[in-house]
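Undergrad: can you look at this prediction? I've put the sequence above it.
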Amino acid sequence: MELRKTFLSWPVMRQVTGKDPMARGPAAQSARSVGMHARTTTADRVVDSVCPYCAVGCGQKVFVKDDKVISIEGDPNSPVSRGRLCPKGSASEQLVNSPTRTTTVRYRRPHGTEWEDLDLETATDMIVDRLVATREHTWQDLDAHKNRTRRTLGVASLGGATLDNEENYLIKKLFTALGAVQIENQARI
């Protein structure tokens with residue numbers, strides 16, 4: 001039922017005639033705005049997170065209701081972003097709630113034309129098998145001058161700036177241990 005608006009119901013009249021002359025309270029509120037509430041107040045829990053888009057590492061507050069993300073806001077306690085998020089960070093809720101989000105491992109066989117779903121364990125085993133086989137096939141103990149190299153040129157790594165320092169450090173250590181010498185990061189290119 002919609003209330004009929006009268007001259008006395010105008011906000012400026014409520015401001016002049018009421019107890020709120022600065023219009024910072026009830027004088028400035030409409031009947032509709034009084035009944036409104038932030039969607040974050042209905043959340044079951046709030047989870048601290050970090051924005052996945054770039055290497056800045058802005059803090060996020062993820063509001064969850066019924067095991068579904070309902071909103072993501074900047075974390076005011078974050079020493080990095082102090083509650084601010086860029087437009088991409090503010091829209092990161094769409095990453096988890098998009099109906100087009102891929103939630104399985106997708107694989108297209110060599111010379112294949114169709115994608116198929118694989119379970120994570122099978123996909124991980126395929127990656128490890130190919131990495132080990134490539135390393136063994138391209139391993140160099142010595143170079144042409146009989147200098148010890150203990151390396152492979154068949155494996156390389158290109159890291160991304162969306163990973164934090166710790167993740168990039170671990171990736172660097174992994175590929176160095178595998179004998180790869182071509183290790184780079186997108187943030188340096």
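TA: Structure's in. What do you need? The shown structure was predicted, so the numbers you read here are calculated from the model rather than taken from an experiment.

Undergrad: strands along this structure, start to end?
TA: 45-50, 59-65, 68-74, 105-107, 116-118, 139-142, 148-159, 180-185 (DSSP state E).

Undergrad: quick check: the residue sitting nearest the centre point of the chain vs Arg130, distance?
TA: Central residue of the chain (C-alpha atoms, centre = their mean): Pro52, 2.8 Å from the mean position. Per C-beta to C-beta, to the nearest Å, Pro52 is found 27 Å from Arg130. To be clear about C-beta, it is placed using only N, CA and C from the backbone, and glycine gets the same treatment.

Undergrad: rewinding a little: quick check: which of the strands of the chain is buried the most?
TA: Comparing the strands of the chain by mean neighbour count (mean count of other C-beta atoms under 10 Å), strand 59-65 ranks first with a mean of 19.

Undergrad: packing partners for that strand?
TA: strand 45-50, strand 68-74 (3 or more C-beta pairs under 8 Å, 6 or more residues apart in numbering; DSSP states H and E).

Undergrad: let's go with 10 Å and repeat that
TA: strand 45-50, strand 68-74, helix 87-90, helix 93-97 (3 or more C-beta pairs under 10 Å, 6 or more residues apart in numbering; DSSP states H and E).

Undergrad: what's across from Lys61 in the sheet?
TA: Under the criterion DSSP bridges, Lys61 forms beta bridges with Asp48, Glu73.

Undergrad: same deal with the one 4 residues further on?
TA: Each beta-bridge partner of Lys65 is listed here: Lys68, as defined by DSSP bridges.

Undergrad: was I right to think it contacts Val47?
TA: No. Counting by C-beta atoms under 10 Å, Lys65 does not reach Val47; the two are 11.7 Å apart.

Undergrad: let's see the pLDDT reported for the residue lying closest to Pro52 once chain neighbours are set aside.
TA: The spatially closest residue to Pro52, leaving aside those adjacent along the chain, is Thr162, at 6.0 Å (C-beta to C-beta, 6 or more residues apart in numbering). pLDDT, Thr162: 72.
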